[in-house]
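Q: Structure, please.
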Amino acid sequence: MTLEWLSLGLSVLALLLAVIAILKLRAFQFRPDVLAGDVILPRQSSSRGMRLLLPLQFSNAGNADGIVEWLAVRLTPDGDLQRSVLLSPVGEVDMQRFIQARRRLTDDNTLEPFTAFPLEGRRSLAKFVLFDVAERPRAAPLRLEPARYAFELFIKASNSRHPKLERTFEHVVEQKHLDDFNDDLAVYLISYQITLPTVRRALAQQEWLPRAREAEAVH
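A: Numbers count the residues shown, from 1 in each chain. So this is what the prediction gives:
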């Protein structure tokens with residue numbers, strides 16, 4: 001009986017040591033994550049047409065540094081995969097200068113092309129990433145229509161050999177949104193399912209609250 005209890009005790013101890021080792025290994029890994037949900041359609045700039053500006057909040061739950069190498073967004077209207085569009089990052093936007101330019105993209109507030117960036121351990125940072133249709137100029141420019149759009153955000157980081165689907169969210173694009181865009185107004189699609197404190201602190205308060213109340217009334 002004593003040997004049986006000793007054997008059981010050693011097994012439990014081995015299991016605990018294995019769990020501790022796994023937790024320590026995870027703690028010292030690069031573990032990137034990204035929050036997303038809000039979408040901005042900036043005012044049209046020259047002939048480039050419609051592009052999407054996504055406020056993204058990146059974080060690293062591990063202690064090791066790493067690199068965020070690549071991003072992509074798949075946009076699907078009304079669940080119709082045959083009409084899905086792949087968007088790739090083309091630049092990064094300075095939001096304070098964007099606001100000063102009355103929400104129009106300019107050479108002064110847009111840094112192109114978009115490049116890989118480091119993410120330190122236990123740190124987070126906000127980025128405002130501009131997306132356009134992949135493989136431009138061969139592909140047709142982005143055109144939205146009234147529909148419920150599913151957004152799938154993919155990330156490729158240095159801790160993985162393949163891109164991973166990190167976030168999914170939806171927005172309903174109404175005819176009023178398209179009319180506003182065609183009238184040279186910026187359009188804000190706000191998600192209330194997530195919290196983006198770091199991202200939203202980077203914006204002037206008046207940029208969000210009026211539109212947030214309008215969207216809340218619609219939904």
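Q: Please count neighbours and contacts with C-alpha atoms only from this point.
A: Fine.
Q: which sections of this protein are below the confidence cut-off?
A: 1-10, 12-27, 45-47, 195-219 (pLDDT under 70).
Q: change it to 90
A: Residues of the chain meeting the criterion pLDDT under 90: 1-29, 44-49, 96, 135-141, 190-219.
Q: quick one, domains of it?
A: 1-30, 31-218 (automatic domain parsing).
Q: Deepest-packed of those domains, please.
A: domain 31-218 (a mean of 16; mean count of other CA atoms under 10 Å).
Q: And that domain, how far out from the chain middle?
A: Here the centre of domain 31-218 is set off from its chain's centre by 6 Å, with CA atoms, centre = their mean, to the nearest Å.
Q: Which parts of the protein are strands?
A: For the chain, the strands defined by DSSP state E occupy 32-35, 39-41, 52-60, 66-77, 85-93, 110-111, 117-119, 124-133, 147-157, 164-173, 187-189.
Q: could those be laid out in a markdown table, adding distance to Gln100?
A: Converted to a markdown table, the strands of the chain look like this (distance: least, CA to CA, whole Å):
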| stretch | distance to Gln100 |
| --- | --- |
| strand 32-35 | 25 |
| strand 39-41 | 16 |
| strand 52-60 | 16 |
| strand 66-77 | 27 |
| strand 85-93 | 12 |
| strand 110-111 | 13 |
| strand 117-119 | 26 |
| strand 124-133 | 15 |
| strand 147-157 | 28 |
| strand 164-173 | 26 |
| strand 187-189 | 16 |
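Q: With respect to Pro141, which of these lies nearest?
A: strand 124-133 (6.5 Å; CA to CA).
Q: On the strand side of things, show who the residue lying closest to Phe169 once chain neighbours are set aside bridges to.
A: Setting aside the residues directly before and after it, Phe169 is nearest to Phe151 in space (CA to CA, 6 or more residues apart in numbering), at 5.3 Å. Taking DSSP bridges as the rule, Phe151 bridges to Leu75, Phe169.
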